[in-house]
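Peer 1: For reference, the sequence and a predicted model appear below.
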Amino acid sequence: MKGWEIFYHSEKGFLTQENEGPRPLLGNEVLIEVDEISVCGSDLHAISLYKGEYLYLGHEWKGRVVHQGMDVQKLSKGDIVTSGSVIGCGHCHYCQDGLQHYCESSIRLGGETVGALAKYLILPESNLVKIPQELESAAIVAEPLAVAQESLHRLSSIGVAPHGKKVIILGGGAIGFLTAWLFKKKRAEVLVLEPVAERRERFKAIGVEAILPALALTDPSLKNSADIVIDAAGDFQSTKSAFAMIPFLGKKPFTALLVGKYAREQVLHTSLFRTRHCRMIWQDGLASHTIEEVFNQHGQDLKKLKELLITHQFQVGQVREAFEMAKNRSESLKVLIKLT
């Protein structure tokens, strides 16, 4: 059972490495053949920063169970599965409760250890979510939508609900798009700030207004108008971070949720945040049961969301081209790579 994996080398680009196939499974582990992955903005972020030889990419994926360890109880050969990006040990109390992103021994799909851009993937059963058969064709959207679902959980943990609230989302990429869709569904008044015209145009399909970021700072009706500000942009592909805009967008008081990733140090003007009575919370990773919630609560919407989200599709031999297209923010929103 031969295998292969594709990794990124900072000087040579994408390289394919064949191997002897998967190692023997531990009792709680599952062997999966990966069917497809999609390119996330955090993959592009990682590539832009990486200065080494082995960066394994891919954390939005789905695949088919090939074999399972003797202690696996809920999955069997042929099941279609996925997972979140944070992979827990499978044994601690966090993992047993489905909170893998809190596991102290966790690793990440997409790093120098493991990625889903490979023929085979071995993960503990506790990290895996079985995909309902009727949703298999659109399941690749589940993990990024679960990021938006996790945002609801993070806000709920401090007693904040989006219903009836003014929500400003920084960034119109895939996460910003899905967060806008979900929060609108939860009866929030949603406004997206996005500099790329083609991406702003895409929000019309979900009935959400998207404008240039500068307008939110110059229009008196928008400045300091939000109950909730969600940063889904970070500082990738931008010399000025969206972080600096946050205190000028929220009313007194407001909540800021930071989902985007940051590579550079950020200057926090505490007086600006303090005088706006800002409550700031961070989001990193998600629980496996959040993906299950996506299938249970939004399963009927996944097919339509996939049609809106996936703008380009490539084959496994076109990985370099796929990632180049994903960098093109005016043409792409989410890029899919078929591995089988």
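Peer 2: All right, it came through fine.
Peer 1: Centre of the chain to the one helix or strand Thr82 maps to, how far?
Peer 2: Taking DSSP states H and E as the definition, Thr82 sits inside strand 80-83. Strand 80-83 has its C-alpha centroid displaced from the chain centroid by 15 Å (CA atoms, centre = their mean, to the nearest Å).
Peer 1: Identify, by residue count, the longest strand of the chain.
Peer 2: strand 29-39 (DSSP state E).
Peer 1: Restricting the selection to alpha carbons, write it to CSV.
Peer 2: What follows is strand 29-39, C-alpha atoms only, in CSV (Å, rounded to 0.1, in the frame of the first residue of the first chain):
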residue,chain,number,x,y,z
GLU,A,29,-6.4,5.4,15.4
VAL,A,30,-8.1,5.4,12.0
LEU,A,31,-6.5,5.2,8.5
ILE,A,32,-8.2,7.5,6.0
GLU,A,33,-7.7,7.9,2.2
VAL,A,34,-8.1,11.6,1.6
ASP,A,35,-10.5,12.5,-1.2
GLU,A,36,-10.2,16.2,-1.4
ILE,A,37,-8.9,19.3,0.4
SER,A,38,-9.7,23.0,0.1
VAL,A,39,-7.1,25.8,0.4
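Peer 1: Tell me how far it lies from the chain's centre.
Peer 2: What separates the centre of strand 29-39 from the centre of its chain is 16 Å, taken as CA atoms, centre = their mean.
Peer 1: What lies in contact with the helix or strand following that strand?
Peer 2: With elements assigned by DSSP H and E, the helix or strand that comes after strand 29-39 is helix 41-49. Under the contact criterion CB atoms under 8 Å, 6 or more residues apart in numbering, helix 41-49 has outside partners 8, 55, 57-59, 85, 110-111, 173-175, 234, 236-237, 261, 263, 323, 326-327. Glycine gets a C-beta too; all of them are placed from N, C-alpha and C.
Peer 1: so Ala188 touches Lys166, yeah?
Peer 2: Yes: if you go by CB atoms under 8 Å, Ala188 and Lys166 touch, sitting 7.5 Å apart.
Peer 1: Overlap in contacts, those two.
Peer 2: Common neighbours of Ala188 and Lys166 (CB under 8 Å, 6+ apart) are Ile228.
Peer 1: Quick check: which ranges of this structure have low pLDDT?
Peer 2: 236-241 (pLDDT under 70).
Peer 1: For it, which helix extends over the most residues?
Peer 2: The longest helix of the chain (DSSP state H) is helix 142-156.
Peer 1: What angle do strand 29-39 and that one make with each other?
Peer 2: Helix 142-156 runs at 90 degrees relative to strand 29-39, counting by axes from the mean of the first three to the mean of the last three CA atoms, to 10 degrees.
Peer 1: For the helix or strand following helix 142-156, which strands pair with it and how are they oriented?
Peer 2: Going down the chain from helix 142-156, the next helix or strand is strand 166-170, by DSSP H and E. If you go by DSSP bridges, strand 166-170 pairs up with strand 189-193 (parallel), strand 226-231 (parallel).
Peer 1: between the ones you listed, which one is nearest to Phe14?
Peer 2: strand 226-231 (29.6 Å; CB to CB).
Peer 1: After that closest one, heading C-terminal, what element do we hit next?
Peer 2: strand 250-258.
Peer 1: got a list of what the residue nearest the centre of the chain touches?
Peer 2: Centroid-nearest residue in the chain: Pro144, 4.1 Å away (criterion: CA atoms, centre = their mean). Pro144 makes contacts with Ser38, Cys40, Glu60, Ala174, Ile175, Leu178, Leu309, Lys334, as judged by CB under 8 Å, 6+ apart.
Peer 1: Go ahead and confirm the last one touches Leu308.
Peer 2: No: contact criterion CB under 8 Å: Lys334 and Leu308 do not qualify, at 9.2 Å.
Peer 1: any idea how far the nearest residue to Arg264 once chain neighbours are set aside is from Lys334?
Peer 2: Closest residue to Arg264 apart from its sequence neighbours, by CB to CB, 6 or more residues apart in numbering: Asp235 at 5.6 Å. According to CB to CB, to the nearest Å, Asp235 and Lys334 sit 21 Å apart.
Peer 1: Good, we can wrap up now.
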